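Undergrad: Got a predicted structure plus its sequence, pasted below:
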Amino acid sequence: QVRLTESGGGLVQPGTSLRLSCTATGLTFSTSPMGWFRQTPGIERGLVAVMSADGEDAYYENSVKGRFTISRDNAKNTVYLQMDDLKPEDTAVYYCGAPNSYPDIWGRGIRAWGRGTQVTVSS
């Protein structure tokens, strides 16, 4: 059974930084693409960033390009999302997900989701 566990969310002020972590068990992490997604009430869950299994390639949603960085440590089965220059519109529940394929992450679906971690950006 695949299990993804997020951590690192919280309440922060605009312009500050936060780092999310997601640790995976039950899958061969080094061969699994990994991604971060976010959702706000009434809006469909959307992709924030996704990284290839070998960590050589990543894709970012336009609104976070240049501010967010996805990375992974295959030795620790962990994927990270460094979020800098946070804005109020970044407020959401952030989910870690394990796509079945990359770069077409939606074509074969998401094999597992974490429970999510709340990020609130407010002054």
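TA: Cool, got the structure.

Undergrad: what residues are up against the spatially closest residue to residue 116 that is not a sequence neighbour?
TA: Nearest non-adjacent residue to residue 116, counting by CB to CB, 6 or more residues apart in numbering: residue 93, 4.3 Å away. To be clear about C-beta, it is placed using only N, CA and C from the backbone, and glycine gets the same treatment. Shown here is residue 93, whose contacts under the criterion CB atoms under 8 Å, 6 or more residues apart in numbering are 38, 39, 40, 116, 117, 118, 119.

Undergrad: Check which helix or strand residue 93 maps to.
TA: With the criterion set as DSSP states H and E, the secondary-structure element containing residue 93 is strand 92-99.

Undergrad: Tell me the bridge partners for the most centrally placed residue in the chain.
TA: Among the residues of the chain, residue 36 comes closest to the average C-alpha position under CA atoms, centre = their mean, at 1.8 Å. The residues listed as beta-bridge partners of residue 36 by DSSP bridges are residue 49, residue 96.

Undergrad: Roughly how far does it sit from residue 111?
TA: As for residue 36, its distance to residue 111 is 15 Å (criterion: CB to CB, to the nearest Å).

Undergrad: how much space between the residue nearest to the centre of the chain and residue 123?
TA: Between residue 36 and residue 123 the distance, using CB to CB, works out to 24 Å.

Undergrad: Kindly report the same for residue 40.
TA: Look at residue 40 and residue 123: by CB to CB, they are 18 Å apart.

Undergrad: So between those two, which is more surrounded?
TA: Neighbours were tallied for residue 40 and for residue 123 using other CB atoms under 10 Å; the higher tally belongs to residue 40 (13 against 7).

Undergrad: For that one, report the pLDDT, please.
TA: Here, the pLDDT recorded for residue 40 equals 96.

Undergrad: That one touches residue 91, doesn't it?
TA: Yes - counting by CB atoms under 8 Å, residue 40 does reach residue 91; the two are 7.0 Å apart.

Undergrad: From what I see, residue 109 and residue 97 are in contact.
TA: No - the pair residue 109 and residue 97 does not pass the contact test of CB under 8 Å, sitting 9.8 Å apart.

Undergrad: Since that was my last question, I'll sign off now.
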